[in-house]
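Asks: Sequence first, then the predicted structure:
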Amino acid sequence: MSRAAGPTKTDRDWAQVQARAAGNTVYFDAWGGDQAVNRYLVWVSDQVRLQFAIRLVQVKVTDIAEAVTRITAEAAAGRRHGGSSDLLWINGANFASLQKAGLLYGPWADRLPNSGLIDTRGNPTTVTDFQIPTRGYELAWGTSRFSLFYDAKAVAHVPRNIAELLAWIRAHPGRFTYPRPPNFLGTSFLKQLLILTVPEHAALARPVAADFKRVTAPVWVWLDAARPFLWRHGRLYPPSGPAQTELLATGEVDWTMSFNPLDMARAIQTGEMPDSIRRMAFAQGTLANSHFLAIPFNSSHVDAALVVANFLISPAAQARKADVSVWGDPTVLDPTRLPKVDGRRAAEPADPSDTGANEPLVPDLDPSWMTALEQEWLRRYGTQ
Amino acid sequence: MASALRYAMSRVLSVLLVLGSVLPAMAGLAASLVQAASPAAWATLLATPGLWRSLTLSLWTGTASTLLSLILAHLAVSAAGIARRTGRLRSFVLPMIALPHLAVGIGLVLLLSPSGLLLRMFSPWLTGYSRPPDWIVVQDPQGLALILGLVVKETPFLALTLLGALTQVPTERFLDVGRTLGYGPLKSWLVAVAPPLQRQIRLPTVATLVYGCTNVDLALPLGPQTPPPMAILLWQWFTSSRIEDAGFAHAGTVLLVGAVVVCLAAVLAIACALRPLMTRWATDGHRFTHDGPPRALGMAGSSIVGVLAMGAVVALLLRASTPMWRFPAVWPVSATGHPNGFASLADPLTALRTAAIGIVVASATLAIVWSLSEWAPCKAGRSRTLTAVFFLPLLMPQISFLFGLSWLASALRLDGSYALVAWTHLGFALPYGWGVLSTARAALDERYLQVAASLGAGPFRRWCSVTLPLLARPSLLAASLAFAVSTALYLPTLAAGAGHVRTLAVEAAALTSAGTLHVAAQSGIAMALLPLLAFAIAAISSRVLFRRFGGMPR
């Protein structure tokens, strides 16, 4: 169902794309739960209005699955043109769903003037989304590393591995928890445990196979041992990562987690967090992925969406995004391409507590792992 | 001949009006039913671990909270009625109704949870806690916190509808007769006044029960997790990134709706079975003159609801003012925090848009209910049919409309239009408007109209100068309820508006999706302001009108 892409790499073609884009509106479906992101997108709207005469409207969704449902409904109603959405902030299972149903426009992502700046060699997650090759249907926008944070005032001896973490949890009942799967961060925590407990990472690069029970057994042993000592005895879990971070700020727990290694640096700066929060790095491997931009098959203004996407991966926009006082989302570009801010490249960690500079990154697992882990978690802990 | 034609036309028009107003919601329902027809979806659904406990939990919390709210509302209204202080009670419950469900839920979490306001006030000086204790208070597995939240939200609603119905019952006369016969005021009230009142608020009671069994807003912050109430499961499946999950979510919707209908039938059957007991108590001749203690107890029960609501609001305000509220500080101390959520919620355009849609919905509700209640009161059966149709949208969990409504909007090329959003809202606002207004119209003393007719007034003039003034108070109530319902609707707005119609509820839902209480508290406050304003305007107009029509029977 996908249409052939418009842009090619020649300057003249791109000038035509820009000319056609001017005066149009781009509806950008993007999660609206983070005010820092929303504020950043207000800045982006101002920039694309001034530079390209494009009106950018953020459609703040509670979950991008909302937009997936809407686009699916539009396809069912036979709406092949003039769809309600022009640009999506997406990754993982939602991308897989739309891609499988043929509801994405493309390929386009490798044909923008700024596409070449993306660090595809240094960061392979920019072209494989949860083990699925993006093939030009998705443009990497930002990159994420699973991060575990603790309050240094409460955690005297920092655990160096998962066994030491378990010992800490058992010695401090009620002070550790994780977001409740199927929340994506909760499920990501299970995947991170899997990476840390499974020696053979090769099995994790493939979709879930018949040996799921055997491969994941150490994860359930770990969780069973931890559960009685979790916050609320493992009978309740925070609904999301930000909610757990708030529990940490309130003083209910001593740990939280996020996909953004710079999250806490920003929260400390805005006064949402005490300044004693540190990040725990995993020498055995950290779960990493990227988040992307995609264009629905029936977008009303493809050209304008392409121009906005190209702007979003421009060095200026990426540097501003990586600034912890703005959003603090690590760039997808080759770091040497970014302009220097205060004598330092914006992509470099500004957070002295970020000790994970040299941790090995493990690309996120196939979406089938997410489903299987969620189901098994719900079966084991969902009803007790 | 001409009158027969006019009658036929008005009848066709009425049927179109009724069907049209519930069409968007019905399209969603139809889509659910079609998608629920797959046997594979049912097999997956029935294999869900904890499904039956989820379902039981939904029915238990919904039923228990409705019964409790109903009892408390009757006690509060009887106490106020006996003391002739119904005006005071009304001005007390109106602001509580304006509070969105979300705000009540979050506020109670902030009040009652171990790191909440209540424990902070006594820590560490009395309790010795410098860190919050690891207790399960809210989200308890039995659903008691959820029941409490529902009671806090629904008692004022039922009390208000009872107060509205009060204008149609000759309370004073009944109490006088009771007193003459030597009965205590409480027994006179319960025997003579309460039953006709309850008959008038049957529909709002049913709506409360259905809401209690199917809500997400309160179940999310207050309800248990392992397993959660059924509506939360449905919500998780509908918003899942796996498109196939929607299949058994539709089947689950049908299961939940079926269970609620069975539950409703059971409650009605039990109520019927208890009627002889009530009759025996009414006719046992016992005068029950020393009713001071039970009346005080009833007042205390409903006062606790008021205190909890106020505590929740205070906790909400405290939490909204600071991003970091460390235990055990009562007052926010963080000076560096900036109020980050208000920025987009305080956008005047969003508030204006929300209010404009609300006003359109409230006006349309009044117009439809006024015209239909002129058509319906003569035949009780017709009125019951209308009621059943109007209530269909409230019988389905809102989440189930999402796909069908998006599909309809897209097929009609109406997605993202204000017209479709208002049209969809109408389906949800009408049952409340109809519930309040049609019963008031049915209870209207027809002799006033007969007198007006004998004086030569035509149907239009009779309506303008007799019916409308007599219905002024319930009309204002119906309009402000419709307005409040419209401003609070999130999922229908999203589905009909394709995310392009940004109302306060849509904005607030996006902001609170991160699950943090700080932003949720800010959203809750922002969302309470518009309905609060609407109720205030209605209350003031009601008072002004009441002064003008002061000599009329209440």
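Replies: Thanks, I have it.

Asks: Whatever helix or strand B:Pro293 lives in packs against which elements?
Replies: Using DSSP states H and E, B:Pro293 maps to helix B:292-320. In terms of contacts (3 or more Cβ pairs under 8 Å, 6 or more residues apart in numbering or on different chains; DSSP states H and E), helix B:292-320 is packed against helix B:51-82, helix B:86-98, helix B:101-112, helix B:117-121, helix B:144-166, helix B:517-548. Using the backbone N, CA and C atoms, a C-beta is placed for each residue, glycine as well.

Asks: could you check the angle helix B:86-98 makes with the first one?
Replies: So the one you mean is helix B:51-82. 150 degrees (axes from the mean of the first three to the mean of the last three Cα atoms, to 10 degrees).

Asks: quick check: angle from helix B:51-82 to helix B:292-320?
Replies: Using the same axes, to 10 degrees: helix B:51-82 against helix B:292-320 is 120 degrees.

Asks: list the buried ones in helix B:51-82?
Replies: Buried residues in helix B:51-82, counted by 16 or more other Cβ atoms under 10 Å in any protein chain shown: B:51, B:53-55, B:57-82.

Asks: that older thread, pLDDT on the helix holding B:Pro293, on average?
Replies: Across helix B:292-320, pLDDT averages out at 90.

Asks: Longest helix of chain B, counting residues only.
Replies: helix B:245-282 (DSSP state H).

Asks: Is any residue of it near chain A?
Replies: Yes: remark: helix B:245-282 sits within contact range of chain A at B:Ala246, by Cβ under 8 Å from any Cβ of the partner chain.

Asks: Excluding chain neighbours, what is closest to the residue of the stretch 101-250 of chain B at minimum distance from chain A?
Replies: Nearest residue of the stretch 101-250 of chain B to chain A, counting by Cβ to the nearest Cβ: B:Asp134, 3.5 Å away. In space, and not counting its chain neighbours, B:Asp134 is closest to A:Gly174: 3.5 Å by Cβ to Cβ, 6 or more residues apart in numbering or on different chains.

Asks: Next up, the contacts around that neighbour.
Replies: Contacts of A:Gly174 were listed using Cβ atoms under 8 Å, 6 or more residues apart in numbering or on different chains, and they are A:229-233, A:253, B:134.

Asks: Just the element for it, please.
Replies: Since the elements are taken from DSSP H and E, A:Gly174 ends up inside neither a helix nor a strand.

Asks: same check, this time on A:Asn289
Replies: strand A:286-294.

Asks: OK, contacts around residue 175?
Replies: I'll assume chain A. So A:Arg175 contacts A:154, A:169, A:231, A:253-255 (Cβ under 8 Å, 6+ apart).

Asks: I was thinking of chain B, sorry if that wasn't clear
Replies: Per Cβ under 8 Å, 6+ apart, neighbours of B:Leu175: B:81-82, B:185, B:188-189, B:192-193.

Asks: coming back round to it: show me the contacts of A:Gly174 that map onto strands.
Replies: Judged by DSSP state E, the subset of the contacts of A:Gly174 located in strands is empty.

Asks: Going by neighbour count, which of these comes out on top?
Replies: Counting by other Cβ atoms under 10 Å in any protein chain shown, A:Val253 has the largest number of neighbours within these, with 28 neighbours.

Asks: Correct me if wrong: it contacts A:Tyr178.
Replies: No: using Cβ atoms under 8 Å, A:Val253 is not in contact with A:Tyr178; the gap is 9.9 Å.

Asks: what's the overlap in contacts for those two?
Replies: The contact sets of A:Val253 and A:Tyr178 overlap at A:Gln244 (Cβ under 8 Å, 6+ apart).

Asks: ok, now which ones touch A:Ala316?
Replies: Contact analysis of A:Ala316 by Cβ under 8 Å, 6+ apart lists A:Pro339.

Asks: at 10 Å instead, please
Replies: A:Ala316 makes contacts with A:47, A:338-339, as judged by Cβ atoms under 10 Å, 6 or more residues apart in numbering or on different chains.

Asks: buried ones in the helix or strand containing it?
Replies: A:Ala316 belongs to helix A:315-322 when assigned by DSSP H and E. For helix A:315-322, burial by neighbour count (16+ other Cβ under 10 Å) applies to A:315, A:317-322.

Asks: Just checking stretch A:229-239 against chain B, any contact.
Replies: Yes: using Cβ under 10 Å from any Cβ of the partner chain, we find that stretch A:229-239 touches chain B at A:230-239.

Asks: Which two of these have the greatest separation?
Replies: Spanning the widest gap among the residues of stretch A:229-239 next to chain B are A:His233 and A:Pro239, at 17.5 Å by Cβ to Cβ.

Asks: Relative to the whole chain's centre, how far out is the lengthiest helix in chain A?
Replies: Ranked by residue count under DSSP H, the longest helix found in chain A is helix A:35-52. Relative to the centre of its chain, helix A:35-52 is centred 20 Å away, using Cα atoms, centre = their mean, to the nearest Å.

Asks: With stretch B:473-488 instead?
Replies: 11 Å.

Asks: Next SSE downstream of the helix or strand hosting B:Gly20?
Replies: B:Gly20 belongs to helix B:2-35 when assigned by DSSP H and E. Sequence-wise, the next helix or strand downstream of helix B:2-35 (DSSP H and E) is helix B:39-46.

Asks: Report the buried residues of that next one.
Replies: B:41-42, B:44-45.

Asks: And stretch B:417-433, by the same measure?
Replies: B:417-418, B:420-433.

Asks: Just give me how far that stretch sits from the chain centre.
Replies: 15 Å.

Asks: Let me know whether B:Ser302 touches B:Leu70 as I believe.
Replies: No: between B:Ser302 and B:Leu70 there is no contact under Cβ atoms under 10 Å: 11.7 Å.
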